[in-house]
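K.L.:
sequence plus predicted model, see below.
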Amino acid sequence: MSVTPFAPAAMPDTDAQKRAVDRVAEAAHRLNDAVQRAIAAGYSVELVRTSRHHDGTGNWGDQIVPTVRNSADKSA
(Lines give C-alpha, C1' and ligand atoms only; values in the text may rest on other atoms or scores of the structure.)
Protein backbone atom coordinates (compact mmCIF):
# COMPACT_ATOMS: atom_id res chain seq x y z
CA MET A 1 0.00 0.00 0.00
CA SER A 2 1.41 3.41 -0.94
CA VAL A 3 1.39 6.28 1.51
CA THR A 4 -0.19 9.52 0.32
CA PRO A 5 1.68 12.57 1.63
CA PHE A 6 -0.22 14.94 3.86
CA ALA A 7 -1.37 18.09 2.07
CA PRO A 8 -3.37 20.93 3.63
CA ALA A 9 -6.86 21.46 2.29
CA ALA A 10 -7.26 24.48 0.05
CA MET A 11 -9.15 27.23 1.83
CA PRO A 12 -11.72 29.26 -0.07
CA ASP A 13 -10.27 32.45 -1.48
CA THR A 14 -12.21 35.11 0.42
CA ASP A 15 -11.18 38.70 0.51
CA ALA A 16 -11.19 40.98 3.55
CA GLN A 17 -14.53 42.60 2.63
CA LYS A 18 -16.34 39.27 2.40
CA ARG A 19 -14.83 38.14 5.70
CA ALA A 20 -15.95 41.41 7.34
CA VAL A 21 -19.51 40.97 6.07
CA ASP A 22 -19.53 37.33 7.17
CA ARG A 23 -18.37 38.39 10.66
CA VAL A 24 -21.18 40.94 10.97
CA ALA A 25 -23.76 38.41 9.74
CA GLU A 26 -22.55 35.80 12.25
CA ALA A 27 -22.56 38.34 15.10
CA ALA A 28 -26.09 39.46 14.17
CA HIS A 29 -27.27 35.84 14.16
CA ARG A 30 -25.75 35.26 17.61
CA LEU A 31 -27.26 38.52 18.89
CA ASN A 32 -30.72 37.56 17.63
CA ASP A 33 -30.38 34.17 19.31
CA ALA A 34 -29.31 35.83 22.59
CA VAL A 35 -32.29 38.23 22.41
CA GLN A 36 -34.69 35.31 21.92
CA ARG A 37 -33.15 33.48 24.89
CA ALA A 38 -33.42 36.58 27.09
CA ILE A 39 -37.09 36.97 26.14
CA ALA A 40 -37.72 33.31 26.94
CA ALA A 41 -36.08 33.91 30.34
CA GLY A 42 -38.54 36.73 31.12
CA TYR A 43 -36.72 39.85 29.92
CA SER A 44 -37.59 42.59 27.46
CA VAL A 45 -34.70 43.66 25.24
CA GLU A 46 -34.31 46.85 23.23
CA LEU A 47 -31.27 47.53 21.07
CA VAL A 48 -30.42 51.22 21.13
CA ARG A 49 -28.05 52.95 18.73
CA THR A 50 -25.41 54.67 20.82
CA SER A 51 -23.19 56.00 18.06
CA ARG A 52 -22.40 55.84 14.40
CA HIS A 53 -18.86 54.90 13.42
CA HIS A 54 -17.40 56.60 10.31
CA ASP A 55 -14.17 55.69 8.56
CA GLY A 56 -13.69 59.08 6.91
CA THR A 57 -14.27 57.81 3.37
CA GLY A 58 -18.06 57.58 3.38
CA ASN A 59 -18.47 54.21 5.09
CA TRP A 60 -20.35 54.06 8.36
CA GLY A 61 -21.98 51.64 10.77
CA ASP A 62 -24.31 51.91 13.74
CA GLN A 63 -23.07 50.80 17.14
CA ILE A 64 -25.60 49.53 19.67
CA VAL A 65 -26.07 48.75 23.32
CA PRO A 66 -28.81 46.51 24.71
CA THR A 67 -31.32 47.84 27.22
CA VAL A 68 -32.69 44.91 29.22
CA ARG A 69 -35.69 45.01 31.55
CA ASN A 70 -36.95 42.19 33.72
CA SER A 71 -40.65 41.47 33.20
CA ALA A 72 -41.16 41.76 36.97
CA ASP A 73 -39.98 45.40 36.81
CA LYS A 74 -43.15 47.24 35.78
CA SER A 75 -41.79 50.72 36.63
CA ALA A 76 -39.98 51.14 33.28
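P.N.:
Received, thanks.
K.L.:
and the gap between the spatially most central residue of the chain and residue 64?
P.N.:
Geometric centre of the chain, nearest residue: residue 27, 1.3 Å, by CA atoms, centre = their mean. Residue 27 is 11 Å from residue 64, where distance means CB to CB, to the nearest Å. The C-beta positions use only the backbone N, C-alpha and C, and glycine is treated the same way.
K.L.:
what of residue 15?
P.N.:
Residue 15 is 26 Å from residue 64, where distance means CB to CB.
K.L.:
same question for residue 70.
P.N.:
Remark: distance between residue 70 and residue 64 (CB to CB) = 20 Å.
K.L.:
same question for residue 19.
P.N.:
Separation of residue 19 from residue 64 (CB to CB): 21 Å.
K.L.:
what does residue 45 give?
P.N.:
To residue 64, residue 45 is 11 Å away according to CB to CB.
K.L.:
can you show me the strands along this structure?
P.N.:
Counting by DSSP state E, the chain has strands at residues 43-54, 60-70.
K.L.:
got the angle between the last one and strand 43-54?
P.N.:
Relative orientation of strand 60-70 and strand 43-54, computed by axes from the mean of the first three to the mean of the last three CA atoms, to 10 degrees: 160 degrees.
K.L.:
show residues contacting strand 60-70.
P.N.:
Applying CB atoms under 8 Å, 6 or more residues apart in numbering, the contact partners of strand 60-70 are 35, 38, 42-54, 76.
K.L.:
same check, this time on the longest one
P.N.:
Strand 43-54 is contacted by residues 31, 35, 38-39, 60-71 when judged by CB under 8 Å, 6+ apart.
K.L.:
what's the farthest-apart pair in the residues you listed?
P.N.:
60 and 71 (34.8 Å; CB to CB).
K.L.:
count the residues that sit near residue 35.
P.N.:
Residue crowding around residue 35 was assessed by other CB atoms under 10 Å; the count is 17.
K.L.:
in the sheet, who's paired with residue 68?
P.N.:
Beta-bridge partners for residue 68, by DSSP bridges, are residue 45.
K.L.:
run a quick neighbour tally on it.
P.N.:
By other CB under 10 Å, 11 other residues sit near residue 68.
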